[in-house]
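> below are the sequence and a predicted model; questions follow.
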Amino acid sequence: MTAHIDIGRGPEGQAIGIDLAELLATRLLVQGNSGSGKSHLLRRLLEECAGQVQQIIIDPEGDFVTLADAFGHVVIDASAYSPREIEELAARVRQHRASVVLALDELEVEAQIRCAALFLTALFDAPREHWYPALVVVDEAQMFAPAAAGEMNDETRRLTLAAMTNLMCRGRKRGLAGIVATQRLAKLAKNVAAEASNFLMGRTFLDIDMQRAADLLGMDRRQAERIRDLQRGQFLGLGPAISRRPVAVHVGPVRTAGRGGGQGLIPLPQAEDGAMEALLTDRLAEAAAAPQP
């Protein structure tokens, strides 16, 4: 099967696409600083191939749960299930080829990491008869495959690195095509990033991230300055599923939106003298004494 999905337009207005069959075989790395349009790019990709291939999304911020309304994804609220139930859910996701969003936003950071690791490991360990093709999108991948130990304990670090390495290194034979997205390449474990053959690099300002992105795109230091000058929603793409030479793409529009707050300026509410203070302090002691949810 050959299916091209449209992700945006090039400098000459030409359509830039991704070969979905090639992507399933070669994996993808997306990088972009906060505000670069990284989540918008992932959403565009997921929307364009919805219904053509199973999608499994590891979502630490709950940004992608809105895909459920438009495309029928099942949202799994990780906070509602035990670790063993998470593993069983992953096995059933593979068995029934369900497109799902694993929403981790109600968990603390280390609990998010352990839950995602258990879920990914169970996907990987599914029986051979359930090795159907699936895109596995991991947003904020530097959390789950950190280059340095950070503050997580050693057991959690080993668990999550093993899960991410299996996804990117050995997942292809099991039908799992990893798409990892990160704000900073320098914070992502090199053995995870190195397994991707396709790259979409957005704006970044730190020299170490810019140079690593340029190295992956086959650009020299002078050409690497292009990465700093990219606008929101602009990416440089390279790889067998995208282009044999680096190509600029401006990501197209999406039909769904995240749950984050608005990015524009909103007029502040108007209040008479003392009215705002009254709103803040009205029955304050009573509210503070009430049990927390």
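That came through fine.

> Leu46 contacts Phe64, correct?
Yes. Using CB atoms under 8 Å as the test, Leu46 is close enough to Phe64 to be in contact (7.3 Å). C-betas here are computed from N, CA, C, even on glycine.

> what residues are shared contacts of the two?
Shared contacts of Leu46 and Phe64 (CB atoms under 8 Å, 6 or more residues apart in numbering): Ile57, Val137.

> quick one: the helices in this structure?
Using DSSP state H, the helices of the chain run over 20-26, 38-49, 67-71, 83-96, 109-124, 141-144, 154-165, 190-193, 207-217, 225-229, 275-281, 284-289.

> tell me what the fifth one is packed against?
Packed against helix 109-124 by the contact rule (3 or more CB pairs under 8 Å, 6 or more residues apart in numbering; DSSP states H and E) you find strand 54-59, helix 83-96, strand 100-103, strand 134-138, helix 141-144, helix 154-165.

> roughly how far is the last one from the heart of the chain?
What it means is helix 154-165. Taking CA atoms, centre = their mean, to the nearest Å, one finds helix 154-165 lying 18 Å from the centre of the chain it belongs to.

> give me the mean pLDDT for that helix.
The average of the pLDDT scores along helix 154-165 is 93.

> give the buried residues for that helix.
When burial is assessed from 16 or more other CB atoms under 10 Å, helix 154-165 yields the following buried residues: Arg157, Leu159, Thr160, Leu161, Ala163, Met164, Thr165.

> between the residues you listed, which is nearest Ser82?
Checking the buried residues of helix 154-165 against Ser82 with CB to CB, the nearest one is Leu159 at 16.3 Å.

> pull the contacting residues for the closest one.
Counting by CB under 8 Å, 6+ apart, Leu159 makes contact with Arg114, Ala117, Leu118, Thr121.

> re the thing from before, of all the helices and strands packed on helix 109-124, which lies closest to Val180?
Comparison of the helices and strands packed on helix 109-124 against Val180 by CB to CB identifies helix 141-144 as nearest, at 3.9 Å.

> poorly predicted segments of this structure, please.
Applying pLDDT under 70 to the chain flags the ranges 1-2, 260-264, 293.

> so which residue is smack in the middle of it?
Nearest residue to the geometric centre of the chain (CA atoms, centre = their mean): Asp139, 2.1 Å.

> redo the buried residues of helix 154-165 as JSON lines? Include distance to Pro253.
Converted to JSON lines, the buried residues of helix 154-165 look like this (distance: CB to CB, whole Å):
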{"residue": "Arg157", "distance to Pro253": "39"}
{"residue": "Leu159", "distance to Pro253": "38"}
{"residue": "Thr160", "distance to Pro253": "34"}
{"residue": "Leu161", "distance to Pro253": "36"}
{"residue": "Ala163", "distance to Pro253": "33"}
{"residue": "Met164", "distance to Pro253": "31"}
{"residue": "Thr165", "distance to Pro253": "35"}
